[in-house]
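A.B. asks: following is a predicted model, sequence given first.
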Number of protein chains: 2
Amino acid sequence: MSPVAVSVNMNLEYKIGGGFMRIGIIGGGAIGLLFACYLSKSNQVTLYCRTNEQVRLINKYGIYLKHHGTVDNFTIKAQPSDEISAEDLFIIAVKQYQLEQIERVFHHIPSQTPLIFIQNGVAHLKFIENLSHETIIVGVVEHGALKEKTNYVHHTGEGLTRLAIFRGNEQFVGPIIHKLNTIPFPFIFEKDYLEMVFGKLIVNAVINPLTAILKAKNGELMLNSHYLHLVHLVLDEVVKILDISDREKVFMRIKTICENTASNQSSMLKDILNHRQTEIDGIIGGLLNMAETKDLKVPVLQFLYHSIKGMER
Amino acid sequence: MSPVAVSVNMNLEYKIGGGFMRIGIIGGGAIGLLFACYLSKSNQVTLYCRTNEQVRLINKYGIYLKHHGTVDNFTIKAQPSDEISAEDLFIIAVKQYQLEQIERVFHHIPSQTPLIFIQNGVAHLKFIENLSHETIIVGVVEHGALKEKTNYVHHTGEGLTRLAIFRGNEQFVGPIIHKLNTIPFPFIFEKDYLEMVFGKLIVNAVINPLTAILKAKNGELMLNSHYLHLVHLVLDEVVKILDISDREKVFMRIKTICENTASNQSSMLKDILNHRQTEIDGIIGGLLNMAETKDLKVPVLQFLYHSIKGMER
């Protein structure tokens, strides 16, 4: 361990030991809004937004969070994402394909400040690698959330957030998780970040493009026997690319998630229905690259990729 | 040639030589209505319908045909399909999957009367094989038509009808075509019925399921570069199953049809949008059976098949 790392370690433990953390959340999409609300219960949250309009609305009216039919209002400080303040921790909640656009933001964040990246897929790992920050955590979010208005988010599916260390010292993560945890908004620690992100990648690779192409809710993938066939066609190719031995375990995880979020629209379906760019490049694009490297034929994944890319137009 | 066949031959030539033909069209869908209108211009057409409501409406108000913005009204006799009269020729315009339901109708049609079957796919050929009729012609229809109301059809795409002999004497077909032809409603003769139906099958296998899944008009398959990728993914597998050497020729035919019917919705897209059963079994189901016989892997066709079957629910 280098002396610098020790110093950061102690610095961080000092900060997170005493009361609340100052948490900066970058990105005012559904997940950014959701995290801002829940984490503000026992931390001081600043939400960094791309548009001045969102900054203005949130500072004036707060954020509305709908959950199980009740709506709560949270007073949250919002700032433009090009005006970074000092924080104890940053959570980066923009989409993977937006990371390049906010690259300069990271120059304004001291390299000792821990960062948590919660993008889908694996494409963001390359971006993270090039950052100079000493403590980087990656997370996968298993909540359902729908941004209904600029400052209004609907928590449509209760889940959890998995965190694992990408770079830095393991001792940091325990206290951070402890501080982040707010029932009903659990965080759990995972040992292996690659296993974690690939686990999520597989789930996303199967559920997201299929539901977006079929215009189906998550639960239908298991209930409709023909759609279940499609799940297996996609999984066949994913298992081949990632050389997964326990296919059944992977399938059971997909099944559980489809059942737990049965009446939800996947994020990709919502993106397609709202004529927004999807995360297909980060999810299926990455797998196609791996298949090409391994010289594997994956016509079904190609089909998914080009269907979604064509629909994005 | 059997003596019976000669007798039929002469009988038919006698009838079709003298003035109009009495043509019975079975099936009051878009194509049945379209044929009834155009063929009634120089023949005596009876349209055989499944529902009494359609019989009543057509006998009372005739059929409306919209073409290039103008609407014409045609006086056509309609009868229930279980009350077959004597005709010189029957055109069977029901869907392939409805043939079994009207099987007993064929017991009331004399075996000397020529039949023309214009179903999509190849699955109907098996049904036809079991009929005892001496002259059977198969046709592929390259018109676009949309049934807007029970007795109102919109001719959305001008094309032609190809006819080829499935069973019987070649000399019959020339005079029949001659009598059927009504500009702008051309019929042309094809030598090889198998080549003809497979040609249409390929076009249908590519255009119909893709447009139905993507909710795209025919023209988009060529204009959207990602959708064009999908066309090639499907064609790859079709070419493999049917062992086609001139892939480029097949692709050019698909391209031409997509361009000629650019703003049309395929029949399968219309079926899906209207929550009706599609012809997927006759089109892709047949190809999947062939692939299984040849022990070929065709994941993209399986994907198309189960997507459509799942959407039909």
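C.D. replies: Sure, I can see it. Residues are numbered from 1 along each chain as shown, chains lettered A, B, ... in the order given.
A.B. asks: neighbours around the one residue in the stretch 51-200 of chain A that gets nearest to chain B, how many?
C.D. replies: Nearest residue of the stretch 51-200 of chain A to chain B: A:Tyr97, at 16.6 Å (Cβ to the nearest Cβ). For glycine as for every other residue, the C-beta is placed from the backbone atoms N, C-alpha and C. For A:Tyr97, the count of nearby residues is 17 (other Cβ atoms under 10 Å in any protein chain shown).
A.B. asks: what sits against it?
C.D. replies: A:277, A:279, A:281-282 (Cβ atoms under 8 Å, 6 or more residues apart in numbering or on different chains).
A.B. asks: got it, and A:Glu100?
C.D. replies: A:Glu100 neighbours (Cβ under 8 Å, 6+ apart): A:Phe127.
A.B. asks: what are the phi and psi angles of A:Tyr48?
C.D. replies: Per-residue torsions, A:Tyr48: phi -100, psi 120 (degrees, to the nearest 10).
A.B. asks: mind checking how far it is from A:Thr75?
C.D. replies: 16 Å (Cβ to Cβ, to the nearest Å).
A.B. asks: in terms of neighbours, single out the busier of those two.
C.D. replies: Using other Cβ under 10 Å as the criterion, A:Tyr48 and A:Thr75 rank with A:Tyr48 on top: 29 against 11.
A.B. asks: check whether that one really touches A:Ser81, as I assumed.
C.D. replies: Yes: A:Tyr48 lies in contact with A:Ser81 (Cβ atoms under 8 Å); the separation is 4.0 Å.
A.B. asks: which residues are in contact with each of these two?
C.D. replies: A:26-27, A:105.
A.B. asks: between those residues, which sits nearest B:Ile244?
C.D. replies: The shortest gap between B:Ile244 and any of the shared contacts of A:Tyr48 and A:Ser81 belongs to A:Gly27, at 50.4 Å (Cβ to Cβ).
A.B. asks: count of neighbours near the closest one?
C.D. replies: 25.
A.B. asks: pretty sure it contacts A:Ala36?
C.D. replies: No: counting by Cβ under 8 Å, A:Gly27 sits too far from A:Ala36 to count as a contact (9.7 Å).
A.B. asks: now do the contacts for A:Cys49.
C.D. replies: Per Cβ under 8 Å, 6+ apart, neighbours of A:Cys49: A:27-28, A:55, A:58, A:78-81.
A.B. asks: what pairs with it across the strands?
C.D. replies: A:Pro80 (DSSP bridges).
A.B. asks: where's it relative to chain B, distance?
C.D. replies: 32 Å (Cβ to the nearest Cβ, to the nearest Å).
A.B. asks: name the residue of the stretch 151-300 of chain A that lies nearest to chain B.
C.D. replies: Checked against chain B (Cβ to the nearest Cβ), the nearest residue in the stretch 151-300 of chain A is A:His226, 3.4 Å away.
A.B. asks: please enumerate the helices of chain A.
C.D. replies: If DSSP state H is used as the criterion, the helices of chain A fall at A:3-17, A:30-39, A:52-61, A:124-129, A:170-180, A:193-214, A:220-223, A:225-242, A:247-260, A:267-273, A:280, A:286-293, A:299-312.
A.B. asks: relative to A:Leu146, which of the ones you listed is closest?
C.D. replies: Counting by Cβ to Cβ, A:Leu146 lies closest to helix A:30-39 out of the helices of chain A; the figure is 5.9 Å.
A.B. asks: which residues does the closest one contact?
C.D. replies: A:23, A:25-26, A:45, A:47, A:63, A:65, A:72, A:74, A:76, A:91, A:93-94, A:118, A:141, A:143, A:145-147, A:151-153, A:155, A:180, A:182, A:185, A:267.
A.B. asks: now for the residue of the stretch 151-300 of chain A closest to chain B: which residues touch it?
C.D. replies: B:306-307, B:309-310, B:313.
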